[in-house]
Every structure is written in C-alpha cells, then in structure tokens.
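S.K.: what follows is a predicted protein model with its sequence.
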Amino acid sequence: MKITVLDGHTLNPGDNPWAAIEALGELTVYDRTPTDQIVERARDADIILTNKVPLSAETLSQLPNLKFISVLATGYNIIDTAACAARGIPVSNVPVYGTDAVAEFVFSLILDFAKRPAFHSELAKEGAWESCPDFCFWENPHFRELAGKTLGIIGFGLIGQRVGELAAAFKMNIIAHSRSRNAATAFPFAWASIDEILEKSDFISLHCPLTPDTHGMISAASLAKMKPSAFLVNTARGALIVEQDLADALNSDLIAGAACDVVSAEPILRTNPLLRAKNLTLTPHIAWAATEARQRLMAITAENISRFLAGKPVHTV
C-alpha cells in the first residue's frame, strides 16, 4: 500500500517519528502541499493522510487508486465525505487525542488574563519594580481570583467537560450548554441556555463544532449580552466568531478581554481585524500541539490505517 502524507510538518516537525506508519506501507511524507499539487503528489496513493489540505470531489475524482483517507485531526470538514461515500472510500479521523492539551491551554489563557505573571516579570526586568515606592505593584485591572467566578462552557463534549473539571478544581461555578445534554460528570455544574451563559459568565470558553447553526454564533448581538468584565476564549473553530464584531467589542471595552487560538482563515490574514484589537491574546492554533498529544495522534492514526488494512476501519466519519 502506498501511503501519502500531504501536510505532515505540524504533526512531526522533527520530534514525532513516522515509524509506526512506515511499518504499514510505502510512505511518502510532504511537509506541505499547495492545492495545485495535490493530484500530482497523491495520484498513486492508496491511502492519504491530511490535516488541513482539502480533498474536494473534483480532486478525489482524479485519484483513481485512493482507498482510504485518515485525517490527522478531529475536524474533517476539509474532506468531501459525500464524494468519498459515493466511491466507497472510508474516512477516519482522530476523535480523542488532545483533550488534556486543549483544556490545559484554555486555563493557561484564563490564568494569564487574571494574573499576568509574564507581563509583570517583563515590567520588573525593565526597572518598574526597583523604581516603585512600595514593596509591590501591579498593572492588571483584571487581577482577581478564579474561585467563585462563573465559567460558561459552550460545547460540553470531552474537551468541554475536561475544562469544567479543571474549573471545579479552582472552585469556579460551572454552567454549560450542549445540544445533547447527556454529560455525566464527577463535578457539579448546571445546564444553561446560550443566552444565560452570555449573561451570567465571568469567563466563556467555546468548544462546539463549526456547523451552519454555530457559524458566527458570537456576534455583536451576543457580545452585547456579556458582562463588561467578561473574558472570552476560543480554542474551537475561528468561524464561530464574527471577528470584526469581536474586535469592535474589545476596542470599545464592551468586554474586558478575549483569547483566540483559532481564526477564520489560517494562517491569519493581515486584514484580520483581530490583529488590531486590544485586550486580545492571539495564539497560532497551538492548543492541540503538546508533544504528548501529537504522539497520541500519530499512534491513533497508525491504528486507523492498521484497522483499515484488516478490513475493520475505526473512527470513521
């Protein structure tokens, strides 16, 4: 079996070997693949691995040998799954690999907003502490405890629930929204509507998939319902947020701050209004990328391929 990886660099920039997958077939790895080179590079492949390189119906029609696709991520909207189904090509993803990594990253953003240790370290190194008339100083208007504050979680799957578990350790009040409402947790929380979360939360974390219903769910109207002291975190999908509306809300102090690890077009475009928003932490889609999470993703991908070769594909979408 010929296995082609179209964009392998983010999974393995040099510290996460392909050995488990190399053992399963004739492996070719491309760090990155421009759209106009997909067909040329994948024409002979039996199996394609892709993270963000799209496989449209038109592209798939030009890949006669293709038998299986394994997405190097949880989200699979880059694949025309209907076209795959019509040709009998199974598509697998990696549904659970970064739960802890993403949840921990969410709390690094929340804690940084509330405490700002690195910011104050830089101030101290620049001389602000030695010139201070008091034994201490702080320049964070949002310096506060998390205990007793309300965290609203929109999307209460595995990652959302892990965020809630961490929040419970900080003695936060947790309210959550999910369409299914079937979570069973070891920590206390209450179900809430999205409007209730917007109105009551001190911190809001987004963990829902991008669907027609959730596209642009955080807009000027929803931001206007939030507390002026509230902080919004998005580590899910960039298009959940109307980015101009969020930039406007931040620049007008409608909300206190936000953190976005994802944006609507990645890499970010110079025209993205979030680049000019104040009180915003902007990170380059790295919540998933802890070493352990990437190693887990590699191992599960190898399992996906192995199970397909055995005639029993798993994690199919």
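M.R.: Perfect, thanks for sending it.
S.K.: pretty sure residue 41 belongs to a helix, no?
M.R.: Yes - under DSSP: H, G, I helix; E, B strand; the rest coil, residue 41 falls within a helix.
S.K.: so it touches residue 34, yeah?
M.R.: No - between residue 41 and residue 34 there is no contact under C-beta atoms under 8 Å: 9.5 Å. Quick note: C-beta positions are derived from backbone N, CA and C, even for glycine.
S.K.: mind checking which of those two has more residues around it?
M.R.: Set residue 41 next to residue 34 and count neighbours by other C-beta atoms under 10 Å: residue 41 wins out with 17 against 11.
S.K.: what separates that one from residue 278, distance-wise?
M.R.: Residue 41 is 43 Å from residue 278, where distance means C-beta to C-beta, to the nearest Å.
S.K.: kindly report the same for residue 202.
M.R.: Distance from residue 202 to residue 278, by C-beta to C-beta: 19 Å.
S.K.: could you check which helix or strand contains residue 265?
M.R.: Using DSSP states H and E, residue 265 sits in no helix or strand.
S.K.: so what pLDDT did it get?
M.R.: Residue 265 carries a pLDDT value of 96.
S.K.: can you give me every residue that contacts it?
M.R.: Neighbouring residues of residue 265 by C-beta atoms under 8 Å, 6 or more residues apart in numbering: 238, 272.
S.K.: show me where this structure has its strands.
M.R.: For the chain, the strands defined by DSSP state E occupy 2-5, 26-29, 47-50, 68-71, 91-92, 150-154, 173-177, 190-191, 203-206, 231-234, 257-260, 280-282.
S.K.: could you give me the average pLDDT of stretch 33-41?
M.R.: For stretch 33-41, the per-residue pLDDT averages 98.
S.K.: can you give me the end-to-end distance of that stretch?
M.R.: 8 Å (C-alpha to C-alpha, to the nearest Å).
S.K.: how many neighbours does residue 126 have?
M.R.: The burial count for residue 126: 10, using other C-beta under 10 Å.
S.K.: could you do the one 4 residues further on as well?
M.R.: Close neighbours of residue 130, defined as other C-beta under 10 Å, add up to 7.
S.K.: still on that earlier bit, more neighbours, residue 202 and residue 278?
M.R.: Between residue 202 and residue 278, residue 202 has the larger neighbour count (other C-beta under 10 Å), namely 22 against 10.
S.K.: ok, and the closest non-adjacent residue to the more buried one?
M.R.: Leaving aside its chain neighbours, residue 202 sits nearest to residue 149 (4.1 Å; criterion: C-beta to C-beta, 6 or more residues apart in numbering).
S.K.: ok, that neighbour - contacts?
M.R.: 172-173, 202-203.
S.K.: try it again at 7 Å.
M.R.: By C-beta atoms under 7 Å, 6 or more residues apart in numbering, the residues touching residue 149 are 172, 202-203.
S.K.: make JSON lines out of those and add distance to residue 311 and pLDDT.
M.R.: Converted to JSON lines, those look like this (distance: C-beta to C-beta, whole Å; pLDDT from 0 to 100):
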{"residue": "172", "distance to residue 311": "47", "pLDDT": "98"}
{"residue": "202", "distance to residue 311": "51", "pLDDT": "98"}
{"residue": "203", "distance to residue 311": "47", "pLDDT": "98"}
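S.K.: of those, closest to residue 30?
M.R.: residue 203 (39.8 Å; C-beta to C-beta).
S.K.: pairing partners for the closest one in the sheet, please.
M.R.: residue 151, residue 231 (DSSP bridges).
S.K.: my guess is it meets residue 229, correct?
M.R.: No - the pair residue 203 / residue 229 is not scored as a contact, 9.9 Å apart, by C-beta atoms under 7 Å.
S.K.: neighbour-wise, which of those two wins?
M.R.: Remark: of residue 203 and residue 229, residue 203 carries more neighbours, 27 against 14, as counted by other C-beta under 10 Å.
S.K.: tell me how far that one lies from residue 90.
M.R.: In terms of C-beta to C-beta, residue 203 sits 39 Å off from residue 90.
S.K.: and if you look at residue 170?
M.R.: 42 Å.
S.K.: of these two, which one has the most company?
M.R.: residue 90 (19 against 16).
S.K.: confidence score at that one?
M.R.: 98.
S.K.: for it, give its distance to residue 55.
M.R.: Residue 90 is 13 Å from residue 55, by C-beta to C-beta.
S.K.: of all the strands of the chain, which one comes closest to residue 140?
M.R.: Using C-beta to C-beta, these put strand 257-260 closest to residue 140, at 10.5 Å.
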